[in-house]
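Novice: sharing a sequence plus its predicted fold:
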Amino acid sequence: MQWSDPTDYSHCQALANNARLAMIDVIRYLSVRDPNNGLNIAILSCRAFTKANPIDHQTWRIHLSSSGVHVVCENPIWGVTFDRQTFAKDPRIAALAWER
């Protein structure tokens, strides 16, 4: 499927542009990289937010290691890990020198 290409985002961008023209504010879609087929949300317009100002702030850190990528939220404490195989279909990342 064209929308699940790991490096060519042109079809996704075209879909988002058409959605904006149709006054669609949010697109829910399956993650290309999540091995469990988790959901992502693309927010296309500020209208999707119910408040004018942020109600919460979070700090996120990204850690790269020889095993993959670990993403951590500091408050509330939460994290997710993506092993190296998650990026294997993306030639831009697959060639990364993971061992340092």
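Specialist: It's in. Numbers count the residues shown, from 1 in each chain.

Novice: so, low pLDDT: which residues of this structure?
Specialist: Counting by pLDDT under 70, the chain contains low-confidence residues at 1.

Novice: spatially central residue for it, please.
Specialist: residue 40 (6.7 Å; C-alpha atoms, centre = their mean).

Novice: bridge partners for it, pull those for me.
Specialist: Beta-bridge pairing for residue 40 (DSSP bridges): residue 29.

Novice: pretty sure residue 44 contacts residue 21?
Specialist: No: using C-beta atoms under 8 Å, residue 44 is not in contact with residue 21, being 10.3 Å away. The way it works is simple: take the backbone N, C-alpha and C, and place the C-beta from them, glycine included.

Novice: of the two, give the one with the bigger neighbour count.
Specialist: residue 44 (17 against 8; other C-beta atoms under 10 Å).

Novice: can you give me the strands for the chain?
Specialist: Here the chain has its strands, by DSSP state E, at 26-30, 39-43, 60-65, 68-73, 78-83.

Novice: other SSEs contacting the second one?
Specialist: When contacts are defined as 3 or more C-beta pairs under 8 Å, 6 or more residues apart in numbering; DSSP states H and E, strand 39-43 packs onto strand 26-30.

Novice: and the contacts of the strand it packs on?
Specialist: Contacting residues not belonging to strand 26-30 are listed as 3-4, 15-16, 19, 37-44, 48 [C-beta atoms under 8 Å, 6 or more residues apart in numbering].

Novice: adding distance to residue 76, write these out as a markdown table.
Specialist: Below are the contacts of strand 26-30 laid out as a markdown table (distance: C-beta to C-beta, whole Å):
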| residue | distance to residue 76 |
| --- | --- |
| 3 | 32 |
| 4 | 31 |
| 15 | 33 |
| 16 | 30 |
| 19 | 31 |
| 37 | 25 |
| 38 | 19 |
| 39 | 20 |
| 40 | 20 |
| 41 | 19 |
| 42 | 24 |
| 43 | 21 |
| 44 | 27 |
| 48 | 23 |
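
Novice: which among those residues count as buried?
Specialist: 15, 19, 44 (16 or more other C-beta atoms under 10 Å).

Novice: let me see the contact set for the second one.
Specialist: The contact partners of residue 19, by C-beta under 8 Å, 6+ apart, come to 27, 44.
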